[in-house]
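J.: just to be clear, the model below is a prediction. Sequence and coordinates:
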Amino acid sequence: MYKQSEDISEIFINCYRIPQILRELWLNKNKFSKILLRALSAETGYQSNANYIIDFTSVFLIERKEDLLDCFCEIKTIDFRVSFMERFFNNDLVSNEIIFDILSDNDFVKSIGGYEEWIEYPIMLRAGIIIRSSENKLLDIADIIPSHLDLESYLRKSILSKAYNAKKLSIEAESYFKTQYS
């Protein structure tokens, strides 16, 4: 077992490419959250350490959506939360299941904060998966655009346009799309 230091900066530097340190830190959510905050605010010289911590957390430590809130217990600044969420969703190894689970829970999305800034990529990713896997002419608007989220008009238009071009919208959804976004 690794003898953990109490100094956040020292831990940040020493845990690079040593997964056991991060796994042990994960058991102490407050301390782990401070390390993650350090990674999100890292100077250029420590970007490799920061990237490792953020990527390792995204792929190996976050197993369910509630783990995100544990990560944020010491991160109160929305900018840092937004930064992590963008990195989290852009990591190709994060499972589609956890992405869908996060996006299906309005209260959870709002509890993270700043969703208007990080929601576009996961919403488009989710919509693309649903569009590709659906049968022609079967998708209703609610199937691809979560009604509980207040999304920008351009984002709604983009999603519906993709589904329309793929010939996946139901007759009602196609009619709505043509009316709203002629």
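T.: Thanks, I have the structure now. Predicted model only: the values in this text are computed from it and were never measured.
J.: residues in contact with the residue nearest the centre of the chain?
T.: When the chain is reduced to its mean C-alpha position, the nearest residue by CA atoms, centre = their mean turns out to be residue 89, at 3.7 Å. Going by CB atoms under 8 Å, 6 or more residues apart in numbering, residue 89 touches 99, 118, 121, 122, 125. Where C-beta positions appear, they are placed from N, C-alpha and C, glycine not excepted.
J.: in three-state terms, label the fourth one for me.
T.: Right, residue 122. Using DSSP: H, G, I helix; E, B strand; the rest coil, the secondary structure recorded for residue 122 is helix.
J.: could you verify my assumption that it touches residue 101?
T.: No. Contact status for residue 122 versus residue 101: not in contact, 11.0 Å apart, counting by CB atoms under 8 Å.
J.: so where's the chain uncertain?
T.: 1-5 (pLDDT under 70).
J.: now do the helices in it.
T.: Listed in chain order, the helices found in the chain under DSSP state H are 8-14, 19-26, 29-40, 47-56, 66-71, 78-90, 96-103, 106-112, 115-118, 120-133, 141-144, 153-165, 171-180.
J.: okay, buried residues for stretch 46-65 please.
T.: With burial defined by 16 or more other CB atoms under 10 Å, the residues of stretch 46-65 counted as buried are 46, 49-50, 52-58, 61-62, 65.
J.: what's the most distant pair in the residues you listed?
T.: Pairwise distances across these peak at 28.5 Å for 46 and 65 (criterion: CB to CB).
J.: what sits closest to residue 29 if chain neighbours are left out?
T.: In space, and not counting its chain neighbours, residue 29 is closest to residue 70: 4.6 Å by CB to CB, 6 or more residues apart in numbering.
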